[in-house]
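[1] Turn this into a model:
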Amino acid sequence: MLIAHLTDPHIGLTSLGPAVDIDPVDGLRRALAHVRRFDPAPEVLLLSGDLVEAGREQDYRTLAQVLAQELPPHGAGGPRVLAVPGNHDRPVLARRILAELMPQAAGAPPDQVCVHAEHGGLHFIGLDTVQPGQAHGALGGAQLAWLQDTLLRCAGQPVLIFMHHPPLTSGVSAMDACGLLRGRAELAALIVAHGGVQLIAAGHLHRPILGALGGVPVVVAPSTSHQLELDLRPGAPLACRLEPPMIGLYRWTPEDGMSCHFSHVTGFDGPFAI
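    Numbering: from 1, shown residues only. Coordinates of the predicted model:
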């Protein structure tokens, strides 16, 4: 099974500064067109937050429209699309407009967008790390208790967890300051106890980054809109860079487990037979 991972489209953002205009809708369209080109086709598509820039209702409707225009319906051969919110989102509003992408999981805290779906023998669990009005993320007691119960129900079965704020330290100081500031250790303990989590997929950092938590790979996909400068100096200011966008593409089978790829959205010459 192939799983496409897109993140941080920031629909509604128009510029990165006085002289840098961007078009996040076009970026998302190009990323979705790239997903359509894969053979075999991805069966699941994950959106890991910052779906829109400013939590506006019209931007969520634009996102829904773009997905409907660029992807076949799931029942007609398109991927199952699942989404969680990021710090730029308004989770309850997003879930109201994007209900099919954000089905509320049984027993989850009602004010948080937690997702649990099974496809192809793999359980997908989406976590809501949003702290209203704040850039950083956290996992609180109620959501961790729900996650513990959900993982118990998935005992002995493979799981993929997806979330916005990644449970890792990137070395990009400004982003680590607004990363997952609470709940990382508790999440690690739950992952170790379950023993079958295959991958944690996240966004927020606008860069391709790999890490680990509880012995499980953490993969951060780049944004479909714009990337952040890779500056690992302590205290370095944030800056954006218009690098070629990429998506995450993950291959999973029960026999082989998980392998993770990044694929450039922009076309290049080739392939050439060798």
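[2] From now on I want contacts and neighbour counts done on CA atoms only, so please keep to that.
    OK.
[3] who touches the most centrally placed residue in the chain in this structure?
    Of all residues in the chain, the one closest to the mean position by CA atoms, centre = their mean is residue 48, 2.1 Å from it. By CA atoms under 8 Å, 6 or more residues apart in numbering, residue 48 lies in contact with 5-8, 83-86, 162-164, 201-203.
[4] and what of residue 7?
    Neighbouring residues of residue 7 by CA under 8 Å, 6+ apart: 46-51, 202-204, 221-224.
[5] Among those, which are located in helices?
    Judged by DSSP state H, those include no members of helices.
[6] you'd agree residue 67 is in a helix?
    Yes: under DSSP: H, G, I helix; E, B strand; the rest coil, residue 67 sits within a helix.
[7] dump the residue contacts of it.
    residue 32.
[8] returning to what we had before: need the contacts of residue 7 in a markdown table with pLDDT, can you?
    Putting the contacts of residue 7 into a markdown table (pLDDT from 0 to 100) gives the following:
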| residue | pLDDT |
| --- | --- |
| 46 | 98 |
| 47 | 98 |
| 48 | 98 |
| 49 | 97 |
| 50 | 98 |
| 51 | 98 |
| 202 | 98 |
| 203 | 98 |
| 204 | 98 |
| 221 | 98 |
| 222 | 97 |
| 223 | 97 |
| 224 | 97 |
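[9] of those, closest to residue 25?
    Each of the contacts of residue 7 was checked against residue 25 using CA to CA; the closest is residue 224, at 9.2 Å.
[10] The closest one reaches residue 247, doesn't it?
    Yes: under the criterion of CA atoms under 8 Å, residue 224 makes contact with residue 247 at 7.3 Å.
[11] is it true that residue 218 touches residue 199?
    Yes: counting by CA under 8 Å, residue 218 does reach residue 199; the two are 6.2 Å apart.
[12] Okay, helices next: where are they in the stretch 51-200 of the chain?
    With DSSP state H, counting those that start in this stretch applied, the stretch 51-200 of the chain shows helices at 57-70, 91-97, 141-153, 173-176, 184-194, listed in chain order.
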